[in-house]
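Chemist: starting from these lines, generate the structure:
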Amino acid sequence: MTQSNILDALKTCLGPNGWVSAEDSEQFVSDILGKGGECLLVARPQSTEEVAALVKICAQSGIAIVPQGGNTNVCRMAVPLEGQRVVLLSLSRMNRIVALDSGANTATVEAGVLMETLQNAANDADRVFAPDWGARGTATVGGAVATNGGGLNVLRYGTTREQVLGMEVVLPDGSVWNGMRALIKDNSGYDLKHLFIGSEGTLGIITRLVFRLHPRQPVTQSMMAVLSDMTRLTEFFDLARSIGGQDLAAFELLPGLGVEKALERYPDLQRPLETRADWFLLIRFAGRESVEEPLMRLFEQGFEAGILSDAVLSSSGAQEQNLWEIREQMIPHQYFRQPLLKWDVSVPTNRIVDFLLQAEQRVKEVEPDAFCYAVGHVGDGNIHYSAFPPLGTEDKVISEIYDEVDALIWSMDGSIVAEHGVGSIFAERMRRQKSGVEYTMMQTVKQSFDPQGIMNPGKLLKTD
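Modeler: The predicted structure is shown next:
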């Protein structure tokens, strides 16, 4: 078949409203990093059957497929790369909540449902859909699963992986695996769904999902505090866990520089504390009833131990929202013009302080005029770390900074990819994180599922 015939066949199986031409595809082939490569067509199927039919045509024709959810990733995961001959497959029209069963604590949904849509539906049923991060209004649940997203609630509920009970996947030959079982226990063989969670569309296309829901915790209260000494971070986190128990929902680290930048850029935000400091903590307790008593105990003991030098507790819904909106604006690329060097660090929670102190030292040894910026989830050891060397810094210096910080992370048995995904940006560096045996195992899985290499090529891992 000629390319023209292939495109005609795809358009026929998708229907007149199920595709966008290459000429009109710019919004689909662009992401936070700018425009990616070109695509032959943007497919917008409305059912699993249409996805399967499309994949069969592409498999028979040797055309690669780039799956796309909300396209909110920051690692060039869901757009074509330069020089590729691909169909971009957007799941945005597969956006139905099929069923929400509060008795079974499950939700059955299509992959294109927005995270916020499912969060709201669960809330209306007095339940919680646990995954949550700033892009909730744009990110899809399928993308969340394909990247195994983390976010603000991992401390209490675990990562997205731990919310998935079942799924349906269109495989690279167009066949459909129906694993839509809502079982808590099933030891009947390999738990295949876990291969697709975090696979970034390289093994198949997730089309439907069964999620675990949790009882809603309607009462929340938060504290923003000034950490007097960074070296006591782990001590205070342990204290928060001891006092809060299951009520401890989030424990976040915020840089003072980011807080000041957010308050300056967004005048509607209210300054919670007059104190300026290098480091702030934002801690949330949540429960069925008031959590003020344990949060106040944490507040008092933090001061008595000399760990905190200032703090404030939210006393209204508006104050609570203000604190967490400040947290959501800790995004460094909106504040600084210098080159951005980025890590999505995961280390054991008791190594966070060591990492922060040593990483800045290593960056400045390479480039003394660089500055560092860190924000993240203390409860699960995930720190979003950035370094900003001066404008005009040579590529070899940037490479040396990356090498130094990567080596530090690996020396702490950490990962340079915690929750943001690998995509094409981190693919080569991630490879150096893996042993030869581990990387070969990953390649073997890829080859077994996708021998033609048509599923999201150039992302996650190299097939050579």
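Chemist: helix/strand/coil for the closest residue to residue 456 other than its chain neighbours?
Modeler: Nearest non-adjacent residue to residue 456, counting by Cβ to Cβ, 6 or more residues apart in numbering: residue 201, 4.2 Å away. Using the backbone N, CA and C atoms, a C-beta is placed for each residue, glycine as well. Put simply, residue 201 is coil when judged by DSSP: H, G, I helix; E, B strand; the rest coil.
Chemist: residues contacting residue 201?
Modeler: 65, 66, 67, 77, 78, 146, 455, 456, 459 (Cβ atoms under 8 Å, 6 or more residues apart in numbering).
Chemist: same thing with residue 42?
Modeler: 19, 20, 21, 22, 24, 25, 28, 87, 88, 90.
Chemist: so which of those is the closest to residue 451?
Modeler: residue 87 (18.6 Å; Cβ to Cβ).
Chemist: now that closest one, what's its secondary structure?
Modeler: strand.
Chemist: and it, how many neighbours?
Modeler: 26 (other Cβ atoms under 10 Å).
Chemist: report the contact partners of it.
Modeler: Counting by Cβ under 8 Å, 6+ apart, residue 87 touches 10, 39, 40, 41, 42, 43, 54, 58, 63, 64, 65, 66.
Chemist: same check, this time on residue 319
Modeler: With contact set as Cβ under 8 Å, 6+ apart, residue 319 has these partners: 270, 272.
Chemist: and it, how far from residue 185?
Modeler: The gap separating residue 319 from residue 185 is 43 Å, by Cβ to Cβ, to the nearest Å.
Chemist: what do you get for residue 334?
Modeler: Residue 334 is 45 Å from residue 185, by Cβ to Cβ.
Chemist: neighbour count winner among those two?
Modeler: residue 334 (10 against 5).
Chemist: which one is that one nearest to, not counting chain neighbours?
Modeler: Per Cβ to Cβ, 6+ apart, closest to residue 334 is residue 265, 7.2 Å.
Chemist: what sits against that neighbour?
Modeler: 329, 334, 335.
Chemist: for residue 216, same thing?
Modeler: 122, 123, 126, 127, 128.
Chemist: can you do 10 Å?
Modeler: Neighbouring residues of residue 216 by Cβ atoms under 10 Å, 6 or more residues apart in numbering: 102, 122, 123, 124, 125, 126, 127, 128, 129, 286, 288.
Chemist: can you check residue 389 too?
Modeler: Per Cβ under 10 Å, 6+ apart, neighbours of residue 389: 338-341, 363, 366-371, 397-398, 401.
Chemist: filter those down to just the ones in helices.
Modeler: Assigned to helices by DSSP state H, the following of these qualify: 363, 366, 397, 398, 401.
Chemist: nearest residue to the last one in space, please, no chain neighbours.
Modeler: In this case it means residue 401. residue 366 (5.0 Å).
Chemist: for that neighbour, give me its contacts.
Modeler: With Cβ under 10 Å, 6+ apart, residue 366 has these contacts: 387, 389, 393, 397, 398, 399, 400, 401, 402, 403, 404, 405.
Chemist: roughly how far apart are the fourth one and residue 341?
Modeler: Which is residue 397. 10 Å.
Chemist: so what's residue 47 closest to, chain neighbours aside?
Modeler: residue 94 (7.1 Å).
Chemist: and the strands in the stretch 101-250 of the chain?
Modeler: Taking DSSP state E, counting those that start in this stretch as the test, the strands found in the stretch 101-250 of the chain are 106-110, 127-128, 164-170, 176-179, 205-212, 214-215, 219-227, 248-255.
Chemist: so which of those strands is the most surrounded?
Modeler: strand 205-212 (a mean of 26; mean count of other Cβ atoms under 10 Å).
Chemist: spell out the secondary structure type for residue 281.
Modeler: Once three-state DSSP is applied, residue 281 turns out strand.
Chemist: bridge partners for the residue nearest to it when sequence neighbours are not counted, pull those for me.
Modeler: Nearest non-adjacent residue to residue 281, counting by Cβ to Cβ, 6+ apart: residue 225, 4.7 Å away. Beta-bridge partners of residue 225, counted by DSSP bridges, are residue 281, residue 311.
Chemist: same check, this time on residue 208
Modeler: The partner residues for residue 208, given DSSP bridges, come to residue 110, residue 168.
Chemist: that one contacts residue 165, doesn't it?
Modeler: No: with contact defined as Cβ atoms under 10 Å, residue 208 does not reach residue 165; the gap is 11.8 Å.
Chemist: follow-up on the earlier one: where's the residue nearest to residue 456 relative to residue 129, distance?
Modeler: 22 Å.
Chemist: now for residue 208 and residue 165: what residues contact both?
Modeler: Applying Cβ under 10 Å, 6+ apart, one finds that residue 208 and residue 165 are jointly contacted by 108, 179, 180.
Chemist: need those in CSV (columns: distance to residue 33).
Modeler: Formatted as CSV, those follow (distance: Cβ to Cβ, whole Å):
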residue, distance to residue 33
108, 34
179, 33
180, 35
